[in-house]
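*Asks:* The following comprises the amino acid sequence and a computationally predicted model.
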Amino acid sequence: KAGVTQTPRYLIKTRGQQVTLSCSPISGHRSVSWYQQTPGQGLQFLFEYFSETQRNKGNFPGRFSGRQFSNSRSEMNVSTLELGDSALYLCASSAGTPGDTQYFGPGTRLTVL
Amino acid sequence: SQQGEEDPQALSIQEGENATMNCSYKTSINNLQWYRQNSGRGLVHLILIRSNEREKHSGRLRVTLDTSKKSSSLLITASRAADTASYFCATDAYSGAGSYQLTFGKGTKLSVIP
């Protein structure tokens, strides 16, 4: 099976812009979770989508949003970018049953100038 | 917020030696997972141990879980230069609405010197 894919791998944006990141889960997986990784805060949970519904949300401002399509692919959007949004954004997919292993993609490195 | 805290933050050993990393957490969990990350890349799943298990092995990896002390350890035996990476523990706990959420520690940076 192909692994989790994320596009693009690298992005450079300026403050105030918005950005959309994409994640394609492993075939058959219905759950996609998003995480932000920064040197200061480490890995932090953003949100989880299961069958096109947001099932769980972390403690991030409303500028961070996401959605999931019927084929389980997911997108994450960040509006009005701030310098502090520079991070590695990782998505992970799983079958969606409690306790399942989450499989991570390679990440999107976002730099905000 | 960080649930798991790894110890030590950094570890440097010679090739062939064993490496032990510890993780402590705060709340009840469903399972605990260990991941490896090479230099800013994606996370690779290493091993999952359920809350009713005490020890698990996978190749050169051995994980223990002590739910009474809310702690886990990851042992890598006969380390290789290729094991150089950051290692994270992640606790999987029920977060409501049928969802379980992974909460990560800040990781242990392991350097294996050839």
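*Replies:* Structure received. Because the structure is a prediction, the values reported are computed rather than measured.
*Asks:* Tell me the residues of chain B that contact chain A?
*Replies:* B:1-2, B:30-31, B:33, B:35, B:40-45, B:48, B:50, B:88, B:90, B:92, B:94-107 (C-beta under 8 Å from any C-beta of the partner chain). (Each C-beta comes from the backbone N, C-alpha and C, glycine too.)
*Asks:* Which members of these are positioned in strands?
*Replies:* B:31, B:33, B:35, B:43-45, B:48, B:50, B:88, B:90, B:92, B:94, B:100-104 (DSSP state E).
*Asks:* Return a PyMOL selection command for the buried portion of the residues of chain B next to chain A.
*Replies:* Entered in PyMOL, the line below selects the buried ones among the residues of chain B next to chain A, by 16 or more other C-beta atoms under 10 Å in any protein chain shown:
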select buried, chain B and resi 2+31+33+35+41+42+43+48+88+90+92+95+99+100+101+102+103+104+105+106+107
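*Asks:* Residue A:22 pairs with what?
*Replies:* According to DSSP bridges, the partner residues bridging residue A:22 are residue A:7, residue A:75.
*Asks:* Surely it and residue A:7 touch.
*Replies:* Yes. If you go by C-beta atoms under 8 Å, residue A:22 and residue A:7 touch, sitting 4.9 Å apart.
*Asks:* burial measure for residue B:112, as a count.
*Replies:* 20 (other C-beta atoms under 10 Å in any protein chain shown).
*Asks:* same thing with residue A:22?
*Replies:* As a burial measure, residue A:22 scores 15 neighbours (other C-beta under 10 Å).
*Asks:* likewise residue A:55?
*Replies:* Neighbour tally, residue A:55, other C-beta under 10 Å: 20.
*Asks:* Relative to chain B, how far out is it?
*Replies:* 4 Å (C-beta to the nearest C-beta, to the nearest Å).
*Asks:* Output the contacting helices and strands for the one helix or strand that residue maps to.
*Replies:* Secondary structure assignment for residue A:55, by DSSP states H and E: strand A:53-57. Here strand A:53-57 touches strand A:42-50, strand A:64-68, going by 3 or more C-beta pairs under 8 Å, 6 or more residues apart in numbering or on different chains; DSSP states H and E.
*Asks:* partners of it, with directions?
*Replies:* Going by DSSP bridges, the partners of strand A:53-57 are strand A:42-50 (antiparallel).
*Asks:* chain center to the strand it pairs with, what's the gap?
*Replies:* Relative to its parent chain, strand A:42-50 has a centroid offset of 7 Å by C-alpha atoms, centre = their mean, to the nearest Å.
*Asks:* and that strand, average pLDDT?
*Replies:* The average pLDDT for strand A:42-50 rounds to 93.
*Asks:* same check, this time on stretch A:73-84
*Replies:* Taken as a whole, stretch A:73-84 has a mean pLDDT of 97.
*Asks:* Can you give me the first-to-last residue distance of that stretch?
*Replies:* End-to-end distance of stretch A:73-84: 26 Å, with C-alpha to C-alpha, to the nearest Å as the criterion.
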